[in-house]
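Asker: need a structure here:
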Amino acid sequence: MTNRSNLTTEQRNRRTGDLDRRGTLEIVDAINAEDALVAPAVGAQRRELAAAVDLTAERLGSGGRLFYVGAGTSGRLGVLDASECPPTFGVRPSLVQGIIAGGRRALVRSAEDAEDVADDGARALDKRGVRAGDVVVGIAACGLTPFVRGAIRRARQLSAATVFVTCSPEARRAVRADVVICPVVGPEVVTGSTRMKAGTATKLVLNTLTTVTMIRLGKVYGNLMVDLRATNAKLRDRSERIVMELADLSRRRARSLLDAAGGEVKTAVVMHARGVGPRQARRRLTAVGGSLRKAIEPDERRQGLPGRGGSR
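Answerer: Prediction:
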């Protein structure tokens, strides 16, 4: 497809054709009204999202890695989502990686021409050592970005699983991927400015993909991020509050337990619920694939959390 004028992401929005003639508040309202279309568009892709999650969770659970590949806004969103996984879910930085056309420089300065060579996308995967068992998510709002499509083709050659995220329904069949996620948000408020609705939709898709994948991998208990890395005061406070809630302990006792557990929330909770030391708690967690719920399940069934009658 070479005629980009036919793409939804490049068409003019009839509802905003006179933006420059409107007042400030009217323009703000117009943008807000268009943004309201994004969440339903993403929701319409719920089955595709679930399929992408199941595929990704299976690969990551078997030792694979997740790679986002994009250019411009799409690439920056991929790098952003990847960079937030270690502190939120306690995973190693190599588990989820973001690749942007133009490299690190393109994160803070436009490098639009970097997206035009498909072979560069393929080489970027080779440089990261992508292999069978990994998952490659190509992100291209318009669906045509050569860098992204080259990466997807190379991923398929390597027998990696592939997911393609686009907001252009006209391009969805032009890319071969295991799962295609295509939230149709319609033409942008400012024609072609896919950092707006398409960018918002992409952010929602990527957040959902990694969050649900990490839940499936046991990184969340209920709705608590029990595998977080307490690397600052805010996260240390959150860790303490999680242990306080799950073990029904005072902050002082929760802090003491976390200190003994090396700051690991899961380990601390298992130590309390099972009445064991940190080494035994870690062994139990390893035996059940890191699932806190499975690690404390016998105590839950008999007496529930708090498992050992903690006091405040």
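
Asker: State whether V136 is indeed within a helix.
Answerer: No - assignment of V136 by DSSP: H, G, I helix; E, B strand; the rest coil gives strand, placing it outside any helix.

Asker: That one reaches L125, doesn't it?
Answerer: Yes - taking CB atoms under 8 Å as the definition, V136 is a contact partner of L125 at 6.8 Å. The way it works is simple: take the backbone N, C-alpha and C, and place the C-beta from them, glycine included.

Asker: Pull the distance from stretch 258-265 to the chain's centre.
Answerer: Here stretch 258-265 is found 26 Å from its chain centre; the criterion is CA atoms, centre = their mean, to the nearest Å.

Asker: Buried ones in that stretch, by neighbour count?
Answerer: Residues of stretch 258-265 classed as buried by neighbour count (16 or more other CB atoms under 10 Å): 258, 261, 263-265.

Asker: ok, V136 and L125, which is more surrounded?
Answerer: Remark: of V136 and L125, V136 carries more neighbours, 28 against 24, as counted by other CB atoms under 10 Å.

Asker: Nearest residue to the more buried one in space, ignoring adjacent ones along the chain?
Answerer: Closest residue in space to V136, ignoring its immediate chain neighbours: A155 at 3.8 Å, by CB to CB, 6 or more residues apart in numbering.

Asker: Give the full set of residues in contact with the one you found.
Answerer: With contact taken as CB atoms under 8 Å, 6 or more residues apart in numbering, A155 is in contact with 67, 125, 130, 134, 136, 138, 161-162.

Asker: Considering those, which possesses the most neighbours?
Answerer: Of these, G138 is surrounded by the most neighbours, 30 neighbours in total, counting by other CB under 10 Å.

Asker: In terms of secondary structure, what does the helix or strand where V243 lies contact?
Answerer: Secondary structure assignment for V243, by DSSP states H and E: helix 233-247. Secondary structure elements in contact with helix 233-247, counted by 3 or more CB pairs under 8 Å, 6 or more residues apart in numbering; DSSP states H and E, are helix 251-260, helix 265-274.

Asker: before we move on, back to that, out of the contacts of A155, which one sits closest to R22?
Answerer: R22 lies nearest to G138 out of the contacts of A155, by CB to CB, at 36.5 Å.

Asker: Any idea what that closest one is bridged to?
Answerer: V69, F164 (DSSP bridges).

Asker: if I read this right, it contacts A151, doesn't it?
Answerer: Yes - here G138 reaches A151: they are 5.8 Å apart, a contact under CB under 8 Å.

Asker: who touches both of those two?
Answerer: With CB under 8 Å, 6+ apart as the test, G138 and A151 both reach V69.

Asker: Nearest to L228 among the buried residues of stretch 258-265?
Answerer: Among those, V265 lies closest to L228 (CB to CB), at 6.7 Å.

Asker: for the closest residue in space to that closest one that isn't next to it in sequence, what are its contacts?
Answerer: Using CB to CB, 6+ apart and skipping the chain neighbours, the partner closest in space to V265 is V226 (4.7 Å). With contacts defined as CB under 8 Å, 6+ apart, V226 is in contact with 219-220, 242, 246, 265-266, 269, 292.

Asker: so is V226 in a helix, a strand, or just coil?
Answerer: Assigned by three-state DSSP, the conformation of V226 is coil.

Asker: Please report how far it lies from G90.
Answerer: 8 Å (CB to CB, to the nearest Å).

Asker: roughly how far is whichever helix in the chain runs longest from the heart of the chain?
Answerer: For the chain, the longest helix by residue count, based on DSSP state H, is helix 197-216. Relative to its parent chain, helix 197-216 has a centroid offset of 5 Å by CA atoms, centre = their mean.

Asker: Could I have the CA atoms of that helix written out in CSV?
Answerer: Output in CSV follows, covering the C-alpha atoms of helix 197-216 (Å, rounded to 0.1, in the frame of the first residue of the first chain):
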residue,chain,number,x,y,z
LYS,A,197,-5.8,9.3,19.7
ALA,A,198,-3.7,6.6,18.2
GLY,A,199,-1.0,7.3,20.8
THR,A,200,-3.5,7.1,23.6
ALA,A,201,-4.9,3.8,22.2
THR,A,202,-1.4,2.4,21.9
LYS,A,203,-0.6,3.3,25.5
LEU,A,204,-3.8,1.5,26.7
VAL,A,205,-3.0,-1.6,24.6
LEU,A,206,0.6,-1.8,25.9
ASN,A,207,-0.4,-1.2,29.5
THR,A,208,-3.0,-3.9,29.2
LEU,A,209,-0.7,-6.4,27.5
THR,A,210,2.1,-6.2,30.1
THR,A,211,-0.1,-5.8,33.2
VAL,A,212,-2.3,-8.8,32.4
THR,A,213,0.7,-10.8,31.4
MET,A,214,2.4,-10.1,34.7
ILE,A,215,-0.8,-11.0,36.6
ARG,A,216,-0.8,-14.3,34.8
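
Asker: Now S94. Nearest residue, chain neighbours left out?
Answerer: In space, S94 is closest to R65, 6.4 Å off (CB to CB, 6+ apart).
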